[in-house]
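> how would this look folded up:
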Amino acid sequence: MSSGERVGLTTTVAYSFPPTIKSKNMDTKEELEAKIKAVMTTINKLKRRWGSIQLAGAVGTIRDYSKDIPKFSATRDEIVDYLATLGLVLTTSTYDRYYALTNWVYWTDIIVDDIVKTIGYVPETMDCDNFAFAFASLSAMLYGLTSALPTYGTAIKEGEDYRHYFNTIITKENGLFNAYLYEPITGKPIKIEKNKEIFVGGMTYYPQHLHLF
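Below is the predicted model of the structure:
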């Protein structure tokens, strides 16, 4: 080896990386999903509460500005006897001693503003009976009218018979009774006339049982 010559050394170094270390405070995927779900549940609860507050305010507003709707009283027998003159001999369930009626012109406004028809049909949970009783209940609670009577019967569409609920609205015009069938799912009414088929929205209706509700 001559002077000044450097010796080259080759050194091999083996590196190994430590395994991933999980912190004791780190959530598993399942734990993280559970926490997110809990947060969303709380958020949804707060949103429902806010919606309820808004709904209560809307209810108060509608009631305050519905006090000018004229009301007329009728008994169960008066209503049933009138419907019989139209050829509707119905069985009944009677809940109250008298019923609050108004003119049809006010019902047309109520139907326009009705929110029940906007909810959407869901079999078994939000179907015809729910719609009929909801419309009747809101008519009473918002407008003080108890004459949108839930009615059970048969509806025929394209040759098929269906058990069905709808509303029979009783009105009073110049001292005289009138009756209208109202389909609360679609928001479509039709006047009931003697010896005339009750047909609206592609269905023919045959009332059978009246809930004076």
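
> all contacts plus neighbour counts: C-alpha atoms, from now on.
OK.

> Please parse this structure into its domains.
When the chain is parsed into structural domains using automatic domain parsing, the resulting residue ranges are 29-65, 72-212.

> looking at those, which is buried most?
Neighbour counts averaged per stretch over the domains of the chain are highest for domain 72-212, at a mean of 17; criterion: mean count of other Cα atoms under 10 Å.

> gap between the two ends of it?
Using Cα to Cα, to the nearest Å, the end-to-end distance of domain 72-212 comes out at 16 Å.

> want to throw the domains of the chain into JSON lines with mean pLDDT?
Putting the domains of the chain into JSON lines (pLDDT from 0 to 100) gives the following:
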{"stretch": "domain 29-65", "mean pLDDT": "94"}
{"stretch": "domain 72-212", "mean pLDDT": "96"}
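
> and M141, that's in a strand?
No - M141 is assigned helix when assessed by DSSP: H, G, I helix; E, B strand; the rest coil, not a strand.

> Which neighbouring elements make contact with the longest strand seen in the chain?
In terms of residue count, the longest strand belonging to the chain (DSSP state E) is strand 160-173. With contacts defined as 3 or more Cα pairs under 8 Å, 6 or more residues apart in numbering; DSSP states H and E, strand 160-173 has these neighbours: strand 98-101, helix 104-113, helix 128-143, strand 148-157, strand 176-183.

> what's in contact with that strand?
Strand 160-173 is touched from outside by 72, 79, 101-104, 128-129, 131-132, 136, 147-156, 177-184, with contacts defined as Cα atoms under 8 Å, 6 or more residues apart in numbering.

> repeat for stretch 179-187
By Cα under 8 Å, 6+ apart, stretch 179-187 touches 83, 111, 116-118, 120-121, 128, 131-132, 135, 166-171, 188-193, 198.

> rerun that using 6 Å as the cut-off
The set of residues external to stretch 179-187 that reach it, using Cα atoms under 6 Å, 6 or more residues apart in numbering, is 117, 131-132, 166-170, 188-192.

> what's the spacing between the residue nearest the centre of the chain and N178?
Compute the mean C-alpha point of the chain, and by Cα atoms, centre = their mean the closest residue is I119, 4.1 Å away. When Cα to Cα is the yardstick, I119 and N178 sit 28 Å from each other.

> now do I62
Between I62 and N178 the computed distance is 25 Å (Cα to Cα).

> residues contacting Y205?
154-155, 198.

> What strands flank the strand or helix carrying it, and is each parallel or antiparallel?
Y205 belongs to strand 203-212 when assigned by DSSP states H and E. Strand 203-212 has the following sheet partners, assigned by DSSP bridges: strand 91-94 (parallel), strand 148-157 (antiparallel), strand 198-200 (antiparallel).

> so the second one versus strand 160-173, what angle?
By that I understand strand 148-157. Orientation of strand 148-157 against strand 160-173 (axes from the mean of the first three to the mean of the last three Cα atoms, to 10 degrees) gives an angle of 140 degrees.
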